[in-house]
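**Student:** this is the structure alone, sequence omitted:
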C-alpha cells in the first residue's frame, strides 16, 4: 500500500514540477532547477499528500504543497553540496549541480528553488482559503529558516571544525533543524490545509524525522554505496559524531524502532485510514538507500 | 522632505530588523544576517513606506513589508558577492560576509535572509487581510525568482563569459530582473496593502528602477570609490557592456533624466501627496554613492 502510493506521488510530483517550471524556459538556471528537483524518494511530498488525503484534501490540491516542499528540499541539497559546504560531487547517483554546471549556477538555482517553494504555497491553487495559504508560507518559513533547517546546517558545519565531537543532545538539536523541521512541516501540511488540529501529525512527524536521521546514520555504516547513489561510510571516515558513533549500532537501531512505534501510535485517532503513514514510518528504518 | 523621510525610514528599518532578529540569538548565522542587513540606503524600504503612506497605510504596518524587501535585497547582495559570483571583497565600506566570516556562512546567511523575507510578509502584522499577505508573498516570489531577480543575475554572469558584449535590449532585460523587479515590487507594495490599483506605482517603479541602474553605471565611471564604499570603474575595467559604454555618457544621462520625468509623471493622479516620491526619483540620478 505504501509503496504503490509513494510511486503514485512520485509520478504526480514529477508531472507537477514539469508543468510548473515550463514557463521558466530552457536557460541554464531553469535547467539546473529541473535537474536538482528531479529524482529522490519524495518522502516529504508523500507525507504532504497522505496527510492531506487523511484530512479530506484531494491530490489535485495537495500536490501544490507537496511540490513546494520538494523544491525547498532540493534547494537545501544543492547548497549543502557546494564545495564550501559538504563538498559532495554525487547526489542520487548523478553529478551534483555545481559539478554538472558550476558553483554560480548552483547558488542561483538553489536560491530560485527556495523562491519557487514560497510561490507555490502562495498561489490560489494551494488553497482557496487565503488564511491557509499565508499560514503555509509562515510555517514553511519557520521550518526552513535560521531557527530551523538553516540553523541545523550551520550547526553541522560548525561541528566539523569543533574540537570536541557533539553530544547526543547536540546531535538531536542539529537534526531537528537540518532534516526534522521540514519533515514535520510536510507531515502537518495536510492538517493545515484542512484547518484541523495539527498535534497528532506533529508528533508523528517529529518522531519520524528523528528515526529517519538515525536510519541514515545506520545506512552510512551498513549501506551499499551503489544503492544510495553516494559514498558510504563518509561520516565515520570524517570522524563525525553520529547516532551510531554515540549510541553504538544496536542501541541506535533500538532507538529508531522505538521512534517508529512512537510515530505510529501518534496516529491512533485516525484509525485504519492512517495505515499507509504507519507503513511509511516502518519503511524509513527498513530502507536500503 | 525626501531626505528627512529617508532618514526616518532608515531608523525604523534598523529598529525593526533588530527586533525581528532578536529571537535568532547570537550564533554565527544570525550575526551574519544582522551584519548583511544593516546599512545601505534603504531605497526599497523607503519606496514601500512612502507607497504605503500614499495609500493610507501607517508606518507600523508598512514597516513589515519594508523590512521584508530589505532582507530579500540583503540576501541577493550576500550571494552576489560570493567568489563564484561577482567576487567582491567590500560592500558598503565593510568586508563582505564571506570575507568577514567564510563562504559557508555567506551562503547560509543569504538563504536565511530570503526565508525571513517571506516570513515577514506572511505574518499577521504585515496585513490583517490574509489575502493581502498571500498576495505580497506571491508578487515577491515572482519578482525575486527565476523569472525576476535570479534571472537577471544569471544573465549578468553569463554576459561575463559571452563572446559579444550585450546589446542595449539585453542589458535592459538583465537590469529589469536584477534590480528592476524588486524596486517595482517595493513601489507597488503600498497599493497592494491597500487593495488599490497598482498601475501608477508600477509605471513609477519600472521607470525608477531603470533610471537607478543607468545612474549606477554613470557613478561607476564618474563616482568616488570612497563615497560608494566599493571600487569605482570596475565594470569598465572588466570590459562589461553598460548603459554608459553602449549609449555614451551624455546620452546615458539624458536617458536617465527622461526616465525620471516618466516616473514623476506616472504619479500625477496622486497630486502633491506624492511629492516625496517624485523627489526620490530625482535623487536617484543626482546621488553620489
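**Tutor:** Looks like it came in fine. Note that the structure is predicted; figures quoted are calculated from it, not measured.
**Student:** what's the offset of stretch A:70-90 from the middle of its chain?
**Tutor:** Its chain's C-alpha centre lies 13 Å from the corresponding centre of stretch A:70-90 when counted by C-alpha atoms, centre = their mean, to the nearest Å.
**Student:** buried ones in it?
**Tutor:** Going by neighbour count (16 or more other C-beta atoms under 10 Å in any protein chain shown), the buried part of stretch A:70-90 is A:70-86, A:88. Where C-beta positions appear, they are placed from N, C-alpha and C, glycine not excepted.
**Student:** measure that stretch end to end?
**Tutor:** For stretch A:70-90, the first and last residues are 19 Å from each other (C-alpha to C-alpha, to the nearest Å).
**Student:** do stretch A:175-182 as well
**Tutor:** 11 Å.
**Student:** how about stretch A:88-98?
**Tutor:** First residue to last in stretch A:88-98 (C-alpha to C-alpha) measures 9 Å.
**Student:** and if you look at stretch A:71-90?
**Tutor:** In stretch A:71-90, first residue to last residue: 19 Å (C-alpha to C-alpha).
**Student:** now tell me what touches that stretch from outside.
**Tutor:** A:17, A:32-33, A:36-37, A:40, A:44, A:91, A:95-99, A:103, A:106-107, A:109-111, A:113-114, A:116-117, A:120, A:140, A:144, A:149, A:153, A:157, A:182, A:229-231, B:102-104, B:107-108, B:111 (C-beta atoms under 8 Å, 6 or more residues apart in numbering or on different chains).
**Student:** try it again with 6 Å
**Tutor:** Stretch A:71-90 has contacts (C-beta atoms under 6 Å, 6 or more residues apart in numbering or on different chains) with A:36-37, A:44, A:91, A:96-99, A:106, A:110, A:113-114, A:116-117, A:144, A:230, B:103-104, B:107.
**Student:** what does the stretch 1-150 of chain A put close to chain B?
**Tutor:** Residues of the stretch 1-150 of chain A lying close to chain B (C-beta under 6 Å from any C-beta of the partner chain) are A:24, A:29-30, A:79, A:84-85, A:103-104, A:107-108, A:111-112, A:114-116, A:118-119, A:122, A:130-131, A:133-134, A:137-138, A:141, A:144-146, A:150.
**Student:** which of the residues you listed are buried?
**Tutor:** By 16+ other C-beta under 10 Å, the residues of the stretch 1-150 of chain A next to chain B give A:24, A:29-30, A:79, A:84-85, A:103-104, A:107-108, A:111-112, A:114-116, A:118-119, A:122, A:130, A:133-134, A:137-138, A:141, A:144-146, A:150 as buried.
**Student:** let's see which of the residues you listed end up in helices.
**Tutor:** A:29-30, A:79, A:103-104, A:107-108, A:111-112, A:114-116, A:118-119, A:122, A:130, A:133-134, A:137-138, A:141, A:144, A:150 (DSSP state H).
**Student:** who are the packing partners of whichever strand or helix holds residue A:35?
**Tutor:** Secondary structure from DSSP states H and E places residue A:35 in helix A:28-36. Contacts defined by 3 or more C-beta pairs under 6 Å, 6 or more residues apart in numbering or on different chains; DSSP states H and E place helix A:28-36 against helix A:103-122.
**Student:** name the helices or strands packed onto the helix it packs on?
**Tutor:** Against helix A:103-122 (3+ C-beta pairs under 6 Å, 6+ apart) you get helix A:28-36, helix A:59-80, helix A:97-100, helix A:130-144, helix B:130-144, helix B:149-160.
**Student:** next, the angle helix B:103-122 makes with that helix.
**Tutor:** Orientation check (axes from the mean of the first three to the mean of the last three C-alpha atoms, to 10 degrees): helix A:103-122 against helix B:103-122 gives 20 degrees.
**Student:** not counting helix A:103-122 itself, show me its contacts.
**Tutor:** Against helix A:103-122 from outside (C-beta under 6 Å, 6+ apart): A:28-29, A:32-33, A:36, A:64, A:67-68, A:71-72, A:74-75, A:78-79, A:82, A:97-98, A:133, A:136-137, B:79, B:84-85, B:114, B:118, B:134, B:137-138, B:141, B:144-146, B:150, B:154, B:157.
**Student:** for the stretch 151-289 of chain A, which residue gets nearest to chain B?
**Tutor:** The minimum distance from the stretch 151-289 of chain A to chain B, using C-beta to the nearest C-beta, falls at residue A:154 (4.6 Å).
**Student:** burial measure for that residue, as a count.
**Tutor:** As a burial measure, residue A:154 scores 24 neighbours (other C-beta atoms under 10 Å in any protein chain shown).
**Student:** doesn't residue A:265 belong to a strand?
**Tutor:** No - with DSSP: H, G, I helix; E, B strand; the rest coil as the criterion, residue A:265 is helix rather than part of a strand.
**Student:** pLDDT score assigned to it?
**Tutor:** On pLDDT, residue A:265 comes in at 98.
**Student:** quick one: it and residue A:213, what's the gap?
**Tutor:** From residue A:265 across to residue A:213, the span is 20 Å (C-beta to C-beta, to the nearest Å).
**Student:** any low-confidence regions in chain A?
**Tutor:** Counting by pLDDT under 70, the ranges of chain A that qualify are A:224-238, A:289.
**Student:** and residue A:281, what element?
**Tutor:** With DSSP H and E as the criterion, residue A:281 is inside helix A:275-286.
**Student:** would you mark the buried spots in that helix?
**Tutor:** A:276-285.
**Student:** what helices or strands is it leaning on?
**Tutor:** helix A:2-21, helix A:199-222, helix A:249-266.
**Student:** again, only using 10 Å
**Tutor:** helix A:2-21, helix A:43-54, helix A:181-194, helix A:199-222, helix A:249-266 (3 or more C-beta pairs under 10 Å, 6 or more residues apart in numbering or on different chains; DSSP states H and E).
**Student:** which one of those helices lies nearest to residue B:207?
**Tutor:** Taking C-beta to C-beta, helix A:2-21 is the member of the helices and strands packed on helix A:275-286 nearest to residue B:207, at 30.9 Å.
**Student:** so that closest one versus helix A:103-122, what angle?
**Tutor:** 100 degrees.
**Student:** and helix A:2-21, what's buried?
**Tutor:** Buried residues in helix A:2-21 (16+ other C-beta under 10 Å): A:2, A:5-6, A:9-10, A:12-14, A:16-17, A:20-21.
**Student:** looking at those, which is nearest chain B?
**Tutor:** Checking these against chain B by C-beta to the nearest C-beta gives residue A:21 as the nearest, at 8.2 Å.
**Student:** would you agree the closest one is in contact with residue A:27?
**Tutor:** No - if you go by C-beta atoms under 10 Å, residue A:21 and residue A:27 don't touch, sitting 11.2 Å apart.
**Student:** okay, and the common contacts of the two?
**Tutor:** Shared contacts of residue A:21 and residue A:27, defined by C-beta atoms under 10 Å, 6 or more residues apart in numbering or on different chains, are found at A:33, B:146.
**Student:** and residue A:123, how many residues sit next to it?
**Tutor:** By other C-beta under 10 Å, 17 other residues sit near residue A:123.
**Student:** and it, what does it touch?
**Tutor:** A:20, A:64, A:68, A:133, B:134, B:137-138, B:141.
**Student:** hang on, the earlier thing: can I get the helices and strands packed on helix A:103-122 in TSV with distance to residue B:192?
**Tutor:** Supplementary listing: these in TSV, determined by distance: least, C-beta to C-beta, whole Å:
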stretch	distance to residue B:192
helix A:28-36	27
helix A:59-80	22
helix A:97-100	34
helix A:130-144	13
helix B:130-144	6
helix B:149-160	18
